[in-house]
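1. Generate a structure from the sequence data that follows.
(2 chains)
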Amino acid sequence: MQFLSPPGRQLAALAVLLLCGVAVTFTIHGYELLLVCFVGIWAMLGLSWNILGGYAGLVSFGHAAFFGGGAYTVAILSHDLGITPWIGIPLGAVVGAALGLLIGAVTFRLKGHYFSLAMLAYPLALIPLFTWAGWSEVALPLEREHPLRYMQFSDPRIMPLIVLAALGAALWICLRIERTRLGLQLFAIRQNELAAQCAGIATLRVKLISIAISGGMAGLAGGLYATTVLVVTPLSVFGMLASAQALIVSMFGGLGAAWGPLIGAIILVPAAELLNATFGGRLPGMQGVIFGLAIMAVILFRPQGIYWAVRDHLAPRGRVPADHGAPSEEAAVPHPEYREAPGEPLLVVRGIDVRFGGLHALSDVSLEVRRGEILGIIGPNGAGKTTLFKAISGVVPLAAGSIRLEGQPIERLSPARRPHLGLAHVPEGRQVFGDLTVEENLQLGTTALRDGRDAGRSLERCYALFPVLAERRQQLAGSLSGGQQQMLAIGRGIASRPRLLMLDEPSMGLAPTIVDTIFESVQRLNREEGLTVLIVEQRAIEAIEICDRGYVLSTGEVVMRGTRAELLADKTLREAYLGA
Amino acid sequence: MGYTGEIEALLQILAAGLLLGCLYGLMCAGLGLIFGIMRVINFAQGDFMMLAMYFGLTGVALFAPGRSWAFATAMAVACAAALVFYGLGALTHWALVSRVSGARAVDTADAGHTGQLILTLGLSLVLQNGGLMLFGSSPVSIPSDAGTQSWTLELLGGDIMLFINQARAFSALMAVAAVLLAILLMTRTGIGRQLRAVASNPIAALYMGVNVDRAFRTAFGIGLALTAIAGVCVATFYPFQAYSGFDFVIIMYAGVVLGGMGSVGGAFLGGLIIGLVQQLSTLVLPAQLQNTAVFVVFLAVLLIRPQGLFGRSVERA
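-> As a prediction, the model looks like this:
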């Protein structure tokens, strides 16, 4: 995937592209120079949109809010206070970033298309507001005396060059994001936000950082727009077409790759502008029709966009599993990481209640996990086992009760904080990041490591425990078999070297021999490294056999608890699970 | 009795909000029906309504014998619009929307929701700008006697006089009738049962052998038909142009979200409330900010109570 593309090559491509842009600027004149500015500006807005919509999968219909914020900052400063765009444009970027943070803080509570729709409302609410405030048309005053000071250059080539420079910077930022941890984390959020949270990624923080960058970039584009066209109206900068254009150039060019919005803008903006110039007089609205048709065609025929379609054509996607050789002998020796005084309580859950509407999913559940043990929670479907796990990792809110990890109350901490304290939740149904490689999945597992430098060693341990993962480290996780995915999910869990490993139905949907392998590796982790394990299982008898103690959960309440021997000897339990 | 003037103004606004709200409610019922079954917002709903408005204008121009019969003709054209737009909706779904949704995408990560949203966004751009090319940008409306005549209601022995525009009043009645029919269709017929089954669990419905794509197509058609009736009705008293659809689509979202996405009746009540909020906001806000008030309600509901006022808990995902 894009994370592994060699950075040198991309930077070279960036440089060549900008040079081409500069060369083009010197061969054309008049209206065509304005086109270069428009391509650059819409490409930047597309890049900005792509940070959220492409990398993180958060489709926004309201990027015009940031764009218009930047444009109006420049226009109002210049018109009312006589402040030059040299100051106005950077300020526009700051305003865009601030709007991003503000809007993000409010709107990130919503998911999926609820988020998209809410984003739509912001710029559209601003249109009547700005009209009412008397800013229905703000023109930048002409400054013929000081062309340089007010960015109204007599040479028409200078503005396109400034736009190209800004575009280069924006592209560089996006390429950086793709290769750094932030990009990986955004990609994880797009794949599976819950799993990203379980891996200890502070998803809200990551999303806020990216919407700030995105808003800043859009504000910059807006500021350049105002400086280029010299007049700003609410409809032109906050209107639906501005938001739509950001989305359309990105999706047309290719989602989730910095080159996508650029390609989209280079093709679509001149096409729409030229057709508009030719037919616009007789047929107004040409631009909107072109953009509308373009996005419909892309969604119907090449939903991945031009960039990916061309790449797939040149080199089919999906990586061939590379042979990295057997894991080294040294790595195969388990590290005694978890030797802790056995028997003391590690996790104490006291009287927790979880309600969904009027339904009591958990009522007054208490349990204690002691250091070094394997504790099993068994019970029928719908007993609340998974809810209990989600409550412990903070994904569902508590109505009452407390949760302590090593004596420290954690029930008020955010879900992303808890993995950093030593909690690893391997969720039901595995939830691997299917479009990421095995190794990238494990790397995300190390997010909560106390010392980031241990990441390499942590990965080696996972490979030592599950050699099959080492063989497939470059393969996409989605292409693994169910059993391998389960191993990967557990590997991702222990990669953060947790105090407590929480396994939710690791046997789900797996063949009995694979279940045995997985249970054996869990036991090995417990016995050889002293790792404390909390395991939820529907296969009660097999689960009890690897556990030291167990709780039985039924309709949200603890109905029985005991040691392995006690539970195995219990007649009603044996009947309930073996007789059925 | 110094307050009679203010009471009169308030009652006048309430009446206007109620009548307009019924039509908003009908639009919302159309969008809400599509959302309730297909779990996706149709971005182009407002633009289809704009088409219906021009359909109404053309129909009345062709068939009405004179201004005195124009309104009655418009109501007949509204019924015809329901049939035509049912067909147009089914066709749009078959030709476009079904390519990225339904049985094809039922098991993908987001069941094709984002694809549908963006597809209908493209459709919306094409329709509104295509409409601009075809119809021009000057606002028009269906001229009729009913549109300019009002009934006068005298209350408190003539101290308070309320003016009720005839076109708005008849339109509101038409809207209520159409929504009641739609509710009956959804609750009392076999088609309705199938649609509700598909809405509640498309995968299970697929396992049951229900033709999910056909159900979605039907829902899309009915949804457009309801909104088209609203469009023709509104066109009798509201000047519109090619971009008008977009003004209404926001009102529709707000109403649907408020009513709790999913039920036709809830969406109608949501639209009704939006009509009242919009009109009442003129008491405290300048008229230009009417729609800003609608947006604030929309955002507030999304953020505070995403399941809506009348909906059961719904996942925000």
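2. Could you give the separation of the helix or strand where residue A:387 lies from the chain centroid?
-> Assigned by DSSP states H and E, residue A:387 belongs to helix A:385-392. Centroid separation between helix A:385-392 and its chain, computed with CA atoms, centre = their mean, to the nearest Å, is 23 Å.
3. Tell me the helix or strand right after the helix ranked longest in chain B.
-> The single longest helix within chain B, with elements called by DSSP state H, is helix B:4-38. With elements assigned by DSSP H and E, the helix or strand that comes after helix B:4-38 is helix B:45-63.
4. for that following helix, which positions count as buried?
-> B:45-57, B:59-60 (16 or more other CB atoms under 10 Å in any protein chain shown). Backbone N, C-alpha and C define where each C-beta goes, glycine included.
5. Could I have the CA atoms of that helix written out in PDB?
-> This file holds the C-alpha atoms of helix B:45-63, laid out as PDB (Å, rounded to 0.1, in the frame of the first residue of the first chain):
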ATOM      1  CA  GLN B  45     -34.500  14.400  -3.500                       C
ATOM      2  CA  GLY B  46     -34.800  18.200  -3.500                       C
ATOM      3  CA  ASP B  47     -33.800  18.300  -7.100                       C
ATOM      4  CA  PHE B  48     -36.400  15.800  -8.100                       C
ATOM      5  CA  MET B  49     -38.900  17.900  -6.300                       C
ATOM      6  CA  MET B  50     -37.700  20.900  -8.400                       C
ATOM      7  CA  LEU B  51     -38.400  18.800 -11.500                       C
ATOM      8  CA  ALA B  52     -41.800  18.100 -10.100                       C
ATOM      9  CA  MET B  53     -42.400  21.800  -9.600                       C
ATOM     10  CA  TYR B  54     -41.600  22.500 -13.300                       C
ATOM     11  CA  PHE B  55     -43.800  19.400 -14.200                       C
ATOM     12  CA  GLY B  56     -46.600  21.100 -12.300                       C
ATOM     13  CA  LEU B  57     -46.000  24.400 -14.000                       C
ATOM     14  CA  THR B  58     -46.000  22.800 -17.500                       C
ATOM     15  CA  GLY B  59     -49.000  20.700 -16.700                       C
ATOM     16  CA  VAL B  60     -51.100  23.600 -15.500                       C
ATOM     17  CA  ALA B  61     -50.000  25.800 -18.500                       C
ATOM     18  CA  LEU B  62     -51.100  23.000 -20.900                       C
ATOM     19  CA  PHE B  63     -54.400  21.900 -19.300                       C
END
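6. Against which helices or strands is the longest helix of chain B packed?
-> Packing partners of helix B:4-38 (3 or more CB pairs under 8 Å, 6 or more residues apart in numbering or on different chains; DSSP states H and E): helix B:45-63, strand B:160-165, helix B:166-188, helix B:190-200, helix B:212-235, helix B:244-259, helix B:264-284.
7. Relative to residue A:163, which of these is closest?
-> Ranking these by proximity to residue A:163 (CB to CB) places helix B:244-259 first, at 29.6 Å.
8. Compare the helices and strands packed on helix B:4-38 and give me the one nearest chain A.
-> Smallest distance to chain A across the helices and strands packed on helix B:4-38 (CB to the nearest CB): 6.1 Å, for helix B:244-259.
9. what angle sits between that closest one and helix B:4-38?
-> 90 degrees (axes from the mean of the first three to the mean of the last three CA atoms, to 10 degrees).
10. tell me the mean pLDDT over helix B:244-259?
-> What helix B:244-259 shows for mean pLDDT is 85.
11. and that helix, what does it pack onto?
-> For helix B:244-259, the packing partners by 3+ CB pairs under 8 Å, 6+ apart come out as helix A:112-132, helix B:4-38, helix B:45-63, helix B:113-135, helix B:264-284, helix B:290-304.
12. Would you single out the least confident of the ones you listed?
-> helix B:290-304 (a mean of 81).
13. In that one, which residues are buried?
-> Buried residues in helix B:290-304 (16+ other CB under 10 Å): B:290-299, B:301-302.
14. what's the closest of the residues you listed to residue A:519?
-> Nearest to residue A:519 out of the buried residues of helix B:290-304 is residue B:302 (CB to CB; 45.0 Å).
15. I figured that closest one was touching residue A:119, is that so?
-> No: with contact taken as CB atoms under 8 Å, residue B:302 and residue A:119 are classed as non-touching, separated by 10.3 Å.
16. how about the nearest residue to the residue in the stretch 1-150 of chain A positioned nearest to chain B, chain neighbours excluded?
-> Closest residue of the stretch 1-150 of chain A to chain B, CB to the nearest CB: residue A:125 (3.7 Å). For residue A:125, ignoring the flanking residues on the chain, the nearest one in space by CB to CB, 6 or more residues apart in numbering or on different chains is residue B:295 at 3.7 Å.
17. Isn't the one you found up against residue B:251?
-> No: the criterion here is CB under 8 Å, and residue B:295 misses it with residue B:251 at 9.9 Å.
18. What lies in contact with the helix or strand encompassing residue A:186?
-> Using DSSP H and E, residue A:186 sits within helix A:181-191. Identification of contacts with helix A:181-191 by CB atoms under 8 Å, 6 or more residues apart in numbering or on different chains yields A:1-3, A:51, A:55-58, A:177, A:195-196, A:199, A:201, A:203, A:206-207, A:209-210, A:256, A:433-436, A:440, A:443-444, A:447.
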